[in-house]
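K.L.:
pasted the sequence and its predicted model underneath.
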Amino acid sequence: MVKKGKLFVHTVYDTPKPAAGTISGLSFVRRGRAPAGVFSAGQDIPGPLARFRLFCYDRDMKKQAAENNENTLVKELTEWIRESFGAEPKHPWARYPDHTTFEVPGAGKWFALIMRVSRKQLGLPGGEAGVYVVNVKADPDFISFMAGKDGFLRAYHMNKEKWITILLDGTVPLPQVKSCIETSFLLVSDTPAKRIYEAVKKIPRGKVATYGDVAAMAGDRKMARAVGNALHKNPDPDGIPCYRVVNAQGKLAGEYAFGGEWEQAKLLRADGIEVVDGAVDLSKYRM
């Protein structure tokens, strides 16, 4: 309801949007009297009242369109996260039903948090108008460089040195938002064992690497012992060729780790690697 002089203007919006100079469903009621008249959808209205079109119809329709776009983007993003990472959306706070968390499967750690908060809370113009955002983990250098640029903010209600907030109002292109979420997932799910397995996958057929080599590829040469422990628990022997890892002298691990006496030797020979007296020539086969 808009008060103008002695008139109260009740607005009823229809679709489609009327042409310029017209407005949809305005009824004018004088104080204490029955309706003086109703302007139907698309009907021309008096010139002095045409300005209400800007303040009422256009403003509300633009606001509704923006909210619809945000809702569509959030739904699309939620479905993409579910399909890409196997992470189901969770709503841990009954008080905030629009807050959605996504955890690394099996780890219980958040890598994305979608929220709807007021622009005022984010330090943005727009007062109490709500906007969707997503919080993601990021590299500190990335945060320092991007925070404050269009669509990127210092993390809202999270560690500002490790997380960043991204507006989901279309300011940041969706592919860039997805890229940031992918990075967050990798940062949160990163473990020494995962780095070790990824390093072992890089050992090509016909080559071997030592435990120290794998540790170095995984980011810390001092964790050579951890390499051995991780390989004993190899979750995917077909995809993670741990038989290509030998000790610093080129000696094989023997029967314990590979399912049978000299099974490692058989697998290495199948790769074209010569095994002599339970060892390989590192000068020839080391990657």
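P.N.:
Perfect, thanks for sending it.
K.L.:
just the terminal-to-terminal distance for stretch 228-241.
P.N.:
Using Cα to Cα, to the nearest Å, the span of stretch 228-241 from its first residue to its last is 13 Å.
K.L.:
can you offset everything so residue one is 698?
P.N.:
Got it, first residue is 698 now, which makes that one stretch 925-938.
K.L.:
low pLDDT regions in the stretch 848-984 of the chain?
P.N.:
By pLDDT under 70, the low-scoring segments of the stretch 848-984 of the chain are 951-958.
K.L.:
tell me the domain ranges of the protein?
P.N.:
When the chain is parsed with automatic domain parsing, its domains come out as 699-747, 759-886, 889-982.
K.L.:
can I get those in TSV with mean neighbour count?
P.N.:
Backbone N, C-alpha and C define where each C-beta goes, glycine included. Listed next are the domains of the chain as TSV, based on neighbours: other Cβ atoms under 10 Å:
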stretch	mean neighbour count
domain 699-747	13
domain 759-886	15
domain 889-982	17
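K.L.:
list the contacts for the residue nearest to the spatial centre of the chain?
P.N.:
Nearest to the centroid of the C-alpha atoms of the chain, with distances taken as Cα atoms, centre = their mean, sits Ile878, at 2.7 Å. Residues near Ile878 by Cβ atoms under 8 Å, 6 or more residues apart in numbering: 774, 778, 808-809, 831, 833.
K.L.:
next structured bit after the strand or helix carrying it?
P.N.:
Here Ile878 sits within helix 871-886, counting by DSSP states H and E. Scanning forward in sequence from helix 871-886, with DSSP H and E defining helices and strands, the next element found is helix 889-898.
K.L.:
can you give me the strands for this protein?
P.N.:
In the chain, the strands defined using DSSP state E lie at 699-701, 704-708, 723-727, 732-736, 797-800, 807-815, 827-834, 849-851, 860-864, 906-907, 942-943.
K.L.:
for the closest residue to Asn832 other than its chain neighbours, give the beta-bridge partners.
P.N.:
Taking Cβ to Cβ, 6 or more residues apart in numbering, and ignoring the residues beside it in sequence, Asn832 has Leu810 as its nearest neighbour in space, at 4.4 Å. For Leu810, the beta-bridge partners are Thr798, Asn832 (DSSP bridges).
K.L.:
for Leu810, what are its contacts?
P.N.:
When contacts are taken as Cβ under 8 Å, 6+ apart, Leu810 is in contact with 796-799, 831-832, 855.
K.L.:
list the contacts for Ala915?
P.N.:
The contact partners of Ala915, by Cβ under 8 Å, 6+ apart, come to 889, 892-893, 895-896, 924.
K.L.:
quick check: phi and psi at it.
P.N.:
The phi/psi pair for Ala915 (degrees, to the nearest 10) reads phi -80, psi 0.
K.L.:
excluding chain neighbours, what is closest to it?
P.N.:
Arg892 (3.9 Å).
K.L.:
in this structure, which spans are helices?
P.N.:
Under the criterion DSSP state H, the chain carries helices at the ranges 749, 756-782, 837-843, 871-886, 889-898, 908-914, 921-929, 952-955, 960-967, 979-982.
K.L.:
looking at the ones you listed, which is closest to Asn944?
P.N.:
Ranking the helices of the chain by distance to Asn944, with Cβ to Cβ as the measure, places helix 908-914 first at 6.2 Å.
K.L.:
one step back: gap between the residue nearest to Ala915 and Lys899?
P.N.:
If you measure Arg892 against Lys899 using Cβ to Cβ, to the nearest Å, the figure is 11 Å.
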